[in-house]
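Student: model the structure of this input:
(2 chains)
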There are 2 protein chains.
Amino acid sequence: MDDRAGLAGVYRGDAALEALLKEAGSPYDAAGVRALVAGVLAAPAGADPRAWLELVAPRMTPALAAELVALRAEFERRAAPVEPAPGETAARVSALRAELARHGVHGFLIPRADEHQGEYVPARARRLTWLTGFTGSAGLAVVLPEKAAIFVDGRYTLQAEAEVDGAVFERRHLVDEPPTAWIAASLKPGQILGYDPWLHTVNEVERLRAAAEQAGGSLKPLDGNPLDAIWRDQPPPPLGPVVPHALRFAGESAEAKRRTVAEGLARERVDAAVLTAPDSIAWLLNIRGGDVPHSPLPLSFALVAGDGTVDLFIDRRKLTPAVFPHLGNGVRVREPAEFGPALDDLGAAHRRVQADPGSAAAWIFERLQSAGADIRRGADPCVLPKASKNAVELEGTRAAHRRDGAALARFFAWLAREAPKGTLREIAASDRLEAFRRQGEHFRDLSFDTISGAGSNGAIVHYRASPKTEKTLEPGTLYLVDSGAQYLDGTTDVTRTVAIGAPSAEMRDRFTRVLKGHIALATCRFPKGTTGSQLDTLARHALWQVGLDFDHGTGHGVGSYLNVHEGPHRISKVPNAQPLLPGMIVSDEPGYYKTGAYGIRIENLVVVAPAPLADAEREVLGFETLTLAPIDRALVERSLLSPEEIAWLDAYHARVRREIGPLVDAETKAWLETATAPLGT
Amino acid sequence: MDDRAGLAGVYRGDAALEALLKEAGSPYDAAGVRALVAGVLAAPAGADPRAWLELVAPRMTPALAAELVALRAEFERRAAPVEPAPGETAARVSALRAELARHGVHGFLIPRADEHQGEYVPARARRLTWLTGFTGSAGLAVVLPEKAAIFVDGRYTLQAEAEVDGAVFERRHLVDEPPTAWIAASLKPGQILGYDPWLHTVNEVERLRAAAEQAGGSLKPLDGNPLDAIWRDQPPPPLGPVVPHALRFAGESAEAKRRTVAEGLARERVDAAVLTAPDSIAWLLNIRGGDVPHSPLPLSFALVAGDGTVDLFIDRRKLTPAVFPHLGNGVRVREPAEFGPALDDLGAAHRRVQADPGSAAAWIFERLQSAGADIRRGADPCVLPKASKNAVELEGTRAAHRRDGAALARFFAWLAREAPKGTLREIAASDRLEAFRRQGEHFRDLSFDTISGAGSNGAIVHYRASPKTEKTLEPGTLYLVDSGAQYLDGTTDVTRTVAIGAPSAEMRDRFTRVLKGHIALATCRFPKGTTGSQLDTLARHALWQVGLDFDHGTGHGVGSYLNVHEGPHRISKVPNAQPLLPGMIVSDEPGYYKTGAYGIRIENLVVVAPAPLADAEREVLGFETLTLAPIDRALVERSLLSPEEIAWLDAYHARVRREIGPLVDAETKAWLETATAPLGT
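Tutor: The predicted structure follows:
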């Protein structure tokens, strides 16, 4: 039953609800339930839209469930859109300026970030969208008394032009015309630029402060976000149900993880570490939640003490009953409001407290500082062990990738039959792919919004199809689909580019160069200590030789039923100091994009593994490929490949056929046989 | 006439000298000449050991010249060695400790650096050698009341064991056991560690201060280096003659360079920039000197003002007469002692003054700060334009490389005849190479001490042959020679590895993998904006695939008749943010070293150049190879090379034959024909 589908009954009123609550032994009254529902609706619906019912009462009755579903449906009907209506932007900015005057500041920074600096943010944190209309995943607005600007990066330039009212906001390039330069040029001497210290890292604040001071102005942290004061319909903090993550998926008990992290802190003579990244907390405590789209994150904060115990600051209402025994004695569940006072206590006791300057909010450093703590700036201690997957997680991800590969094979086999009809459109295609994936065991969600780009839409790196923009998959074009899923046993992320009809010679040349880059990275061996930055060029070399390149990173870390983008490692032109370590999952995704024409990307997930060699003088590592899906042979220009590259492709296809073949229907299997045939002679 | 060769006459006394000085119109009396000679002897002899005579009198008489040469010879006979005699180290350290007590500090840092943070230092700055005996080019000693340690990197571990008295100094690894950790563990609470602020950068001081404070102690800058107070025979500052660097070599007038640099400072609203790097000053003013070995550097400091004028703080005694009109009105020649007061004046006027925190001494920042200057930390403004050679410099370096290539061809042809006799030793070989080079037009000096390593000595990356260590070039071994020269029109640096007799299959395999790396780098094209760090892996990939690697950078920048190692670009595993720009010269020198057995390195200099391609979508750059010397075909395992790699080697050899053939004798030419023949089928 899907309460989003209009199947809910009519809500019968609070009195009726309270009677049912009492009968079910719920601790809530109607007002409590209304607050709970608002929080539930501030989180995504998730794989099971009824999962939240468990939060209301330990023994749910069918009547109560029906009533709750009806109440939720009523809330949903009344929900206001976040984006400003056409023409409404100016009024919102005016209201913000009036509110700023009450705070005694002249300007304000509105980043896209939430309090956890995560990639996905809950509805409550969509302040940038509410103020400007911009819905992209990265950006910053600056509002000054007489002017305002929004800064977005190259992938969002067109989108910002379409979404943001240019009469109110100057639209600027985040990298080429950085906010710091604009602030330095636009702030007037003596003016104060306010910021919400929960929404910026200390590093950011330092850069912004320098810019404000260069202009003769100053930067000031505000108590309470002034935008929250004027956003009347702002959703509350999300209440996605939190559940245990089973040991058979996690591979290591939370107790063991806490002990290991604590030992690391003790070695550095740290008394406590502040955790602000929800995926670190989820990893450490083996819990998963549903507060933001596509990542099973329970938003919360935590303190890990040197003895391995944890203070978890989280709204108890979102913990399902099973979580409490799962957390055990070593974890103290505390209200979010107690987080600040807990930092004060550490300061008063002059404790040495570690926080991550790259991810923790400036607020935390300011609070610790004024409380008198001995602050140690250090990396979140969960990041590295989380990135290095254990044997159980690796077995899980291999299983998840087989399941995902079966769904992909069914999709591409279907696509091969469907596309030639000439009517298939981008959204219908990605819906079909999602439907195949949903049938897989342990499926929970997509791991990100599918990129389904036909023809020139494939050239937009972060494209998201909408009814307005989607195209038909037409003969002579390429179709690029970048997608992934969250399974309980692993997170997937895969991109394939397929020819619709006959591809041009140029398309085949470009595709083959991208493939050469993909293979060079997939097959390379490297000494222990090598970073992803050092390997990046291998994926670009074949394109560079003819004057081509692609403007995105080559690979990102991937979590284990966690964030599809995780650190600390990365394969990129940008220097990254983290050596690749065994167990780290990373994507291998070179591409090529011809604006207005077509896009190509070939992405597999790979995992770093020891590569023992007979005469090696160094400890050597290499990659094991996880993703199992055919690479379109119609796009391969054989003459550009070396014998070794051809052997790699044939062996990969043989493995796909061997591992995926047994998992699919006969029709798909027949397609798979052809799609994975050797390139031959 | 070489006054080092015992050919000088007997000095006839000061009275005779003064008469001759007067006759020649010299401004000096005998005491002045004695001071001058001491300074001259504190500099290397240089290409022309009589060049300094010009400094004494504008019209030199043969009689005065003979007397001066005799005086110099007398000085030389009395010169004391810098290194402590066996057993003398303890006494020197005791004397230092007593001197430290007079300064009120408990410990002291003795780096290898001079006031200019250069790679080569003058005799006066060899404090680390004087105290410890260590003669390597990088290291740091720390003396505390009850213990002392010397820190050297991996290439110098064995050398430090041989040279440094282990009873006085603990010998530590500079990287694995850094001085900061040792200080943090060894300094006692309340103890003060002194340092000479002229010999450390601010970045270094910050790290060292943190270490001292971690131990509960403190770091304190000292006025005057306490070691100088106890080093009785310490040489004075060097007085290598300074000469103009002709426009036909420099390609751009000093006036034009000063104007360009000033415009850059004006754009950044900087009133003046402090120059402390002697090669920056030499480049900017088109002058060359002779204060340190192998690099034609006049040690000095300078201030560039926003109007393009320069204050040059330099001992006037070392300027040859031609330098004054060459410098012109825009350059004020001032005494070194006026440098500090000039910084004070800038501070008093609240000027915005730029200095480079990566290369300028901490002393400069401390002085500017206390004088009240508005300090801007920024890169030395000469570094980037100096690195990007102009067309005249590039034509010069191509000519120098042809001349150098001819010397190399003669040497290798000679080696091919000589080595089979089985008696040739490392020093005789490198002496012969130097002799061939000295015959080249515009030759001034070697650009560094030649590395001439036979057999297992070739595996020592920074090997320097001595009568004690040198080996005979024996059949079945490899001989590695890394050498270069300073010509007026360019600086060279080349490494070749040749088989003596028949090489083993393993040697051929390793050599060919190194060659593959060399070719991958030499042939690669890359988009504008790419850094050397991004290309480094191309040079290692073929070795990595079988578990091998090399432990040094792949490429360093090279000056134009300046430092053989210059920044800001570099090809290395270590991240470097400087994109490669057209005109930048860089070495391409992958290697492989088998300890105790053999070493392989193939080094050419290459220059970054535009690489226009028909269908390029990016601005593409590539490399033009400058070095012209055969690569030993006997070491090439053809089956490991791709057709493209074979084509590159054959084309390179054809070019060497074409360009070098006309410059050498018939015997060498015959050898060259064979050495550069195509690999064939």
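Student: next, count neighbours for A:Thr423.
Tutor: 11 (other C-beta atoms under 10 Å in any protein chain shown). C-betas here are computed from N, CA, C, even on glycine.
Student: any chance you could map the strands in the stretch 401-550 of chain A?
Tutor: A:443-446, A:451-454, A:477-483, A:485-487, A:490-491, A:494-500, A:526-527 (DSSP state E, counting those that start in this stretch).
Student: find the closest residue to chain B in the stretch 451-600 of chain A.
Tutor: Across the stretch 451-600 of chain A, no residue is closer to chain B than A:Gly547, which sits at 2.4 Å (C-beta to the nearest C-beta).
Student: so who does that residue touch?
Tutor: B:525, B:527, B:613, B:615-618, B:620 (C-beta atoms under 8 Å, 6 or more residues apart in numbering or on different chains).
Student: try it again at 6 Å.
Tutor: B:613, B:616-618, B:620 (C-beta atoms under 6 Å, 6 or more residues apart in numbering or on different chains).
Student: check these one by one and keep those near chain A.
Tutor: When contact is defined as C-beta under 6 Å from any C-beta of the partner chain, these meet chain A at B:613, B:616-618, B:620.
Student: going by neighbour count, which of the contacts of A:Gly547 comes out on top?
Tutor: Going by other C-beta under 10 Å, B:Val620 tops the contacts of A:Gly547 with 21 neighbours.
Student: my guess is that one contacts B:Cys524. True?
Tutor: No. The criterion here is C-beta atoms under 6 Å, and B:Val620 misses it with B:Cys524 at 10.3 Å.
Student: rewinding a little: return the most buried member of the strands of the stretch 401-550 of chain A.
Tutor: Stretch with highest mean neighbour count among the strands of the stretch 401-550 of chain A: strand A:490-491 (a mean of 30; mean count of other C-beta atoms under 10 Å in any protein chain shown).
Student: residue in the stretch 1-150 of chain A with the shortest distance to chain B?
Tutor: A:Ala138 (21.3 Å).
Student: quick one, what contacts A:Gly32?
Tutor: Neighbours of A:Gly32 in contact, by C-beta under 6 Å, 6+ apart: none.
Student: do you know the pLDDT at it?
Tutor: Looking at A:Gly32, its pLDDT stands at 97.
Student: gap between the helix or strand hosting it and the chain center?
Tutor: Element membership for A:Gly32 (DSSP states H and E) is helix A:30-41. When distances are taken as C-alpha atoms, centre = their mean, to the nearest Å, helix A:30-41 is centred 26 Å away from the chain's centroid.
Student: kindly report the same for stretch A:206-221.
Tutor: 31 Å.
Student: and it, end to end?
Tutor: One end of stretch A:206-221 to the other measures 12 Å (C-alpha to C-alpha, to the nearest Å).
Student: who touches that stretch?
Tutor: A:105, A:180, A:183-184, A:187, A:189, A:191-194, A:197.
Student: and if we set it to 7 Å?
Tutor: With C-beta atoms under 7 Å, 6 or more residues apart in numbering or on different chains as the test, stretch A:206-221 has contacts from A:105, A:109, A:180, A:183-184, A:187-195, A:197, A:205, A:366.
Student: quick check: A:Val168 vs chain B, distance?
Tutor: 33 Å (C-beta to the nearest C-beta, to the nearest Å).
Student: name the nearest residue to A:Arg127, sequence neighbours excluded.
Tutor: A:Leu227 (5.0 Å; C-beta to C-beta, 6 or more residues apart in numbering or on different chains).
Student: is it true that the one you found touches A:Ile110?
Tutor: Yes. Proximity of A:Leu227 to A:Ile110 meets the contact threshold set by C-beta atoms under 7 Å, at 6.4 Å.
Student: comparing those two, which shows the higher neighbour count?
Tutor: Shown here are A:Leu227 and A:Ile110; by other C-beta under 10 Å, A:Ile110 has more neighbours (25 against 22).
Student: wait, a strand at the more buried one?
Tutor: Yes. Counting by DSSP: H, G, I helix; E, B strand; the rest coil, A:Ile110 is found in a strand.
Student: quick one: residues contacting the closest residue to it other than its chain neighbours.
Tutor: Closest residue to A:Ile110 apart from its sequence neighbours, by C-beta to C-beta, 6+ apart: A:Ala141 at 4.2 Å. With contact set as C-beta under 7 Å, 6+ apart, A:Ala141 has these partners: A:110, A:128, A:131-132, A:148-150, A:169.
Student: coming back round to it: how about the closest residue to the residue of the stretch 451-600 of chain A closest to chain B other than its chain neighbours, secondary structure?
Tutor: Excluding the flanking residues, the one nearest A:Gly547 by C-beta to C-beta, 6+ apart is B:Ala616, at 2.4 Å. What three-state DSSP gives for B:Ala616 is coil.
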